[in-house]
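Student: I would like the atomic coordinates for the input below:
(2 chains)
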Amino acid sequence: MTSDTPFDAVIVGAGVAGALIAKQLTGAGLRVLLLEAGPGTSQSFNGYSRHLQQFYGATSKSAESPWPPAAAAPQPDSSDLRNNNGYFVQRGPDLYGSTYTRTWGGSTLHWLGVSLRMLPEDFRMHSRHGVGRDWPLGYNDLAPFYARAEHELGVSADVADQRYHGVSFAEDYDYPMQRVPLSYSDRVLGAAVDGMTVWFDHESFDLKVRSYPAARNSIPRGAYQPVGAVDLHDDGSSNPPLLGGRCQGNTSCTPICPVQAKYNAGKSLAQADRRYLTMLVQAVASKILVDPANGGVQGIEYKRYQDPASTRFTTAVAKGRVYILTAHAVENARLMLASGLTGPRGQVGQTLMDHPALYAWGLAPLAIGAFRGPQSSAGIEDLRGGAFRARHAAFRFDIGNDGWRSTTGAPDSTVSEAVMSQRLFGTALRDQLANLLSRQVRMSLAIEQLPDPANAVTVDPQYLDALGNPRPVISYHIDDYTKAGMVAASGVARALFRRAGVQDFSESGNGSWFPSVYYQGREFHYHGMGHFSGTHAMGDDPQQSVIDPDQRAWQHHNLFLAGSGSFPTMGTSNPTLTLAALALRTADHLVATLQQ
Amino acid sequence: MTAREESFVALSVLLTGYDSVHLLGTGMAEQYLAILDSILPTGMVDDLLAAYQRLPQGPQREPAAAATILGDAKLGPVARNLIVLWYCGSWTQLPAAWRATYGAAPQDTTHAVSADAYQAGLQWLAAGAHPAGAKAQGYGAWALGPEGR
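Tutor: Next comes the predicted model:
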């Protein structure tokens, strides 16, 4: 690269990985160009508020409802799943149930905020359990970066709650903020469930309703200052946060935190040094230009549009010393494949994973105060690890504070049932709703999935978006290892409800439509968790992986692919904290090499 | 408030189980009446209000409402939609048979009425909660038991 190259780094994608890397690089005085495919409407407080109004007025309150796509940067939508007629071209045999958002801030705009570390054994699935593959990094390699990521994202938890299954912390370490208070319903459920023993063959586990680390602002420890709402302006100026310093309990982490007490990638971008950062929104990366002689990237072609409603664009090329794809596990793979870059042994796009998840829902014997607080505040983590992983998938439970909202569409569905089916009205209706809604309990059972080369993102020239960029073509199936995990998880949920006196509605047929898989004569309705991963997995062996442990492409010396696409396996933790830790590790590497 | 609006609110009190202070406090009454007027065939809202005015006072009032309003082939589906409108802030498309008999307006689609209507839904009040994404109870309030516990 020549010395007059204007940028040190070109980053594709203004989500969490890109934001963290941009912040670190600009903080070191390195010049960064950040390309974002979607609009930048969430940068200003007023713009963000318009997204909130859009959510209030939306008929479907889906995860995507506040964040509609630009015509030039389409995105998957959960309402497209049933008829398979959306952005994804799904080849099956099973439906990939998750979605993501292409806009400034990425899917952190509508994530739940769960910020679990992976377990030490998650990094060694092949050595330890004989399934999947090992990471080229171990828990101890990542631990310091986990700690940094917890500060960058603003994670609330107490270390005392988080030591289980070998998860360890540096001496004197604690999270930057105190744990988010457990909800009343968590405490009621915990009183009934804590100490319940589960057996898998000869191995026993004692369950506990446990506060999970959440990237939602709580009471700070020491000198830590919670970061609230973003208000960036086109001229580069920004206002200090007016609100969002504490979680207010809006029960709306997904799809939009009204006060931005929950982390989104915009917060990291607002902290980047603007003297060194150039941001281009509505700039869709379309092709990676590679020197055929040595594999080095010479530029990234992008298509810029002025109007989110239009597909008119102009084409330009971004140039830097290094190029970092942080566009999303699917979009990174899609851009590589659209550029003819298939990686070692064609592995780009392969081993796509998610956490296929089941819902369990029921009615508590007494009012537990549903529909209040953050969408969830506790989980059950005890079955995330164990010798049983040689035979079936591990899983974790998320315990909701939002009634049956995600399972049946409550409270609206509860109202509709009472009014339209039971023909209730007046005080009888009001009393019944008060009784039922306040007792609704929901758990999500998120099941691990192993890497399988047949589960893949590909491209096909016959499926193009409005700009002529190829759409993701997805082949996906859920194997017996995961299905056996579904059997185990649903059995634990049933026993847990019985012990807590919760009337189980999971098999009642009153749930919303979700895709199904079948196993041992049973039907399981599953939903995606948005945990896309594995599409450009890291490894030690240049033949068996796409990137090295620094997230550098084996075949392209100045190209990095960052994000959950880098995960060789995914364990049971929500991927954001781990991908943030990896991004910080890669940023350190980039700063060290680019400053030479 | 006009006599017609007063009658509409009184009917809504009977249907929802919430008193007029609650209903007027939402600020939505006028908008909801306008929605009925715009979606339903001419004169049907007045038929509904007239049926309400004919209800007897006393213990027979609710059974009579069940029979002559909610049990009526024409007025029943409209009254149920009005209840859902108050509770959820959304309009539900009327049943196909009803549309075939009484006429289908183009606006008769299942839809959220407005951002305000969503936040004003009585369902959140019934749950002892707040609309998801609005009117939050504040940091840590979720750790307290539901009202009265």
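Student: List the residues that contact the residue in chain B positioned nearest to chain A.
Tutor: When scored by Cβ to the nearest Cβ, chain B has B:Trp142 as its residue closest to chain A, at 2.6 Å. C-beta here means a position set from N, CA and C on the backbone, and glycine is covered the same way. Contact partners of B:Trp142, counting by Cβ atoms under 8 Å, 6 or more residues apart in numbering or on different chains, are A:Pro181, A:Ser183, A:Tyr184, A:Gly249, A:Gly369, A:Arg372, A:Gly373, A:Pro374, A:Ser377, A:Asn401.
Student: Among those residues, which lie within strands?
Tutor: A:Ser377 (DSSP state E).
Student: Now list the buried members of the contacts of B:Trp142.
Tutor: Among these, those scoring as buried are A:Pro181, A:Ser183, A:Tyr184, A:Gly249, A:Gly369, A:Arg372, A:Gly373, A:Pro374, A:Ser377, A:Asn401 (criterion: 16 or more other Cβ atoms under 10 Å in any protein chain shown).
Student: filter the residues you listed down to the ones near chain B?
Tutor: Contacts with chain B are made by A:Pro181, A:Ser183, A:Tyr184, A:Gly249, A:Gly369, A:Arg372, A:Gly373, A:Pro374, A:Ser377, A:Asn401 out of the buried ones among the contacts of B:Trp142, judged by Cβ under 8 Å from any Cβ of the partner chain.
Student: Which single one of the residues you listed is nearest to A:Leu464?
Tutor: When these are compared for distance to A:Leu464 (Cβ to Cβ), A:Pro374 wins out at 40.1 Å.
Student: Give me the pLDDT value at the closest one.
Tutor: On pLDDT, A:Pro374 comes in at 98.
Student: What of B:Met1?
Tutor: pLDDT, B:Met1: 88.
Student: How about the secondary structure of residue 21?
Tutor: Let's take chain A. Here A:Ile21 is recorded as helix under DSSP: H, G, I helix; E, B strand; the rest coil.
Student: let's do chain B instead
Tutor: Classified using three-state DSSP, B:Val21 is helix.
Student: mind listing what it touches?
Tutor: Contacts of B:Val21 (Cβ under 8 Å, 6+ apart): none.
Student: what's the distance between the residue lying closest to the residue of chain B closest to chain A once chain neighbours are set aside and B:Glu147?
Tutor: Spatial nearest neighbour of B:Trp142, chain neighbours left out: A:Gly373 (2.6 Å); criterion: Cβ to Cβ, 6 or more residues apart in numbering or on different chains. As judged by Cβ to Cβ, to the nearest Å, A:Gly373 and B:Glu147 stand 14 Å apart.
Student: now swap in A:Ala410 and tell me
Tutor: 19 Å.
Student: between those two, who's got more neighbours?
Tutor: A:Ala410 (26 against 11; other Cβ atoms under 10 Å in any protein chain shown).
Student: ok so, going back, I'd like to know which of the contacts of B:Trp142 is nearest to chain B.
Tutor: Using Cβ to the nearest Cβ, those come closest to chain B at A:Gly373, 2.6 Å.
Student: thinking the closest one is in contact with A:Cys253, fair?
Tutor: No. Contact criterion Cβ atoms under 8 Å: A:Gly373 and A:Cys253 do not qualify, at 10.0 Å.
Student: residue contacts, the residue lying closest to A:Phe45 once chain neighbours are set aside?
Tutor: Using Cβ to Cβ, 6+ apart and skipping residues adjacent in sequence, the residue nearest A:Phe45 is A:Asp231, 4.0 Å away. A:Asp231 sits next to A:Ser44, A:Phe45, A:Ser238, A:Asn239, A:Pro240, A:Pro241, A:Leu242 when contact means Cβ under 8 Å, 6+ apart.
Student: repeat that for 10 Å
Tutor: A:43-48, A:237-242, A:260, A:266, A:270 (Cβ atoms under 10 Å, 6 or more residues apart in numbering or on different chains).
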